[in-house]
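Participant: Structure, please.
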Amino acid sequence: MKEIPDYQTLMLPVLKSVADGKEHKFREIADSIAKDFGLTEEELGCLLPSGNQSIFDNRVGWAKTYLKKACLIEYKGKGVLKITERGKQVLKDSPQKIDNKFLKQYDEFNEFQNKVNPKEEKQETETDYKNQTPEELIETAFHDFQKSLAEELLDKIRNVSPAFFEKLVVALLVKMGYGGSIKDAGQAIGRTGDEGIDGIIKEDKLGLDVIYIQAKRWKENNVIGRPEIQKFVGALAGQGAKKGVFITASSFTKEALDYKPMNDTKVILIDGMKLANLMIEYNLGVAQMHCYELKKLDNDYFDEE
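Facilitator: Numbering: from 1, shown residues only. Got it, this is the predicted structure:
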């Protein structure tokens, strides 16, 4: 049985499969590439340890994700891909291979690699797996998967309607322990809509205090600056409120992040990436594929003394 190509080897074939500029479905692409590599039904039937997906489909999926992050392809709908102008230019240059090292020439790809945990030291893409322990390999793979999931989730968030975004914010805050019930929280948000406040939610289930909310589903390039935060703080002052949460699918400028109200008003800023990670943490908009239980030897059991 032949070895199934790794996801980096599959990057160039995936890009070539959409070279005609038309929209192509994932299944169509995967089947075409499998045929080009001469993979048998047995090889295509090899599954991940979880049994949830074939190894080949998983690797093609990761290849398309990385190409998308480098803006060589774009998603045109669920499971539908199309090459970008940048992708066409890459193919014109006739590269022998496209891999992570190749994609690092693009700022968008590097931003994707480091966006989730920007304070962490940047790791080399080409990891020396031979020097890693099995536990380190698991941690590295999990971290990479979480980054990719957060990016995909954020893409979805940025394309929902403003009304759906408000409901999403409500659902997340309730899952985090605020607002009491979905019914109570849902009745509060979106009702004020004036003076820079989009909603009010209970801080606890008893409603001993409230939190004022500003929810802005803005696009990635529409960055929120300090003036927007100052308006929100002013709106809080007008309500005699001391606590607020400003949530966006976009991001904040450095000036906005550095802004601290002179009074004792507390405002928490949640940008798109933080929002996506909170959704993953509280299982909103994501579904568990498989749970791996990592065990170790219990030496105490074998103690005969």
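
Participant: my guess is L47 contacts Q53, does it?
Facilitator: Yes. Assessed by CB atoms under 8 Å, L47 is found in contact with Q53 at 6.8 Å. No exception for glycine: its C-beta is placed from N, CA and C like everyone else's.

Participant: which intervals of the stretch 1-150 of the chain have sub-threshold pLDDT?
Facilitator: 50, 115-136 (pLDDT under 70).

Participant: no no, the stretch 151-300 of the chain
Facilitator: Looking at the stretch 151-300 of the chain by pLDDT under 70, you get 180-196.

Participant: For it, which segments count as helices?
Facilitator: All helices of the stretch 151-300 of the chain, identified by DSSP state H, counting those that start in this stretch, fall at 162-175, 182-188, 226-238, 254-258, 272-281.

Participant: now the strands: where do they sit in the stretch 1-150 of the chain?
Facilitator: 24-25, 73-77, 80-83 (DSSP state E, counting those that start in this stretch).

Participant: For the last one, which residues meet the burial criterion?
Facilitator: Okay, so that is strand 80-83. By 16 or more other CB atoms under 10 Å, the buried positions in strand 80-83 come out as 81-83.

Participant: okay, the strands of the stretch 1-150 of the chain in TSV with distance to G199 next?
Facilitator: What follows is these, written out as TSV (distance: least, CB to CB, whole Å):
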stretch	distance to G199
strand 24-25	39
strand 73-77	31
strand 80-83	35
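
Participant: Chain neighbours aside, what residue packs nearest to the residue nearest the centre of the chain?
Facilitator: In the chain, the centroid-proximal residue (CA atoms, centre = their mean) is A150; its distance is 1.4 Å. Excluding the flanking residues, the one nearest A150 by CB to CB, 6 or more residues apart in numbering is A276, at 4.3 Å.

Participant: just to revisit the earlier point, could you save the buried residues of strand 80-83 as TSV and add columns showing distance to D99?
Facilitator: Converted to TSV, the buried residues of strand 80-83 look like this (distance: CB to CB, whole Å):
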residue	distance to D99
L81	19
K82	22
I83	18
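
Participant: mind giving me the domain ranges of this structure?
Facilitator: 11-114, 162-281 (automatic domain parsing).

Participant: Redo those domains as JSON lines? Include distance to C291.
Facilitator: Listed next are the domains of the chain as JSON lines, based on distance: least, CB to CB, whole Å:
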{"stretch": "domain 11-114", "distance to C291": "9"}
{"stretch": "domain 162-281", "distance to C291": "15"}
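
Participant: how about those, which one is nearest Y292?
Facilitator: domain 11-114 (7.8 Å; CB to CB).

Participant: contacting residues for V267?
Facilitator: Contacts here follow CB atoms under 8 Å, 6 or more residues apart in numbering; on that basis V267 touches 229, 232-233, 236, 243-246, 261.

Participant: I misspoke; the intended subject was V90.
Facilitator: 15, 72, 98.

Participant: Filter those down to just the ones in helices.
Facilitator: In this view, the contacts of V90 that belong to helices under DSSP state H are L15.

Participant: ok, and the most crowded of the contacts of V90?
Facilitator: With neighbours taken as other CB atoms under 10 Å, the top of those is L72, carrying 28 neighbours.

Participant: ok, the spatially closest residue to that residue that is not a sequence neighbour to G61 distance?
Facilitator: Nearest residue to L72, sequence neighbours excluded (CB to CB, 6+ apart): G87, at 3.7 Å. According to CB to CB, to the nearest Å, G87 and G61 sit 17 Å apart.
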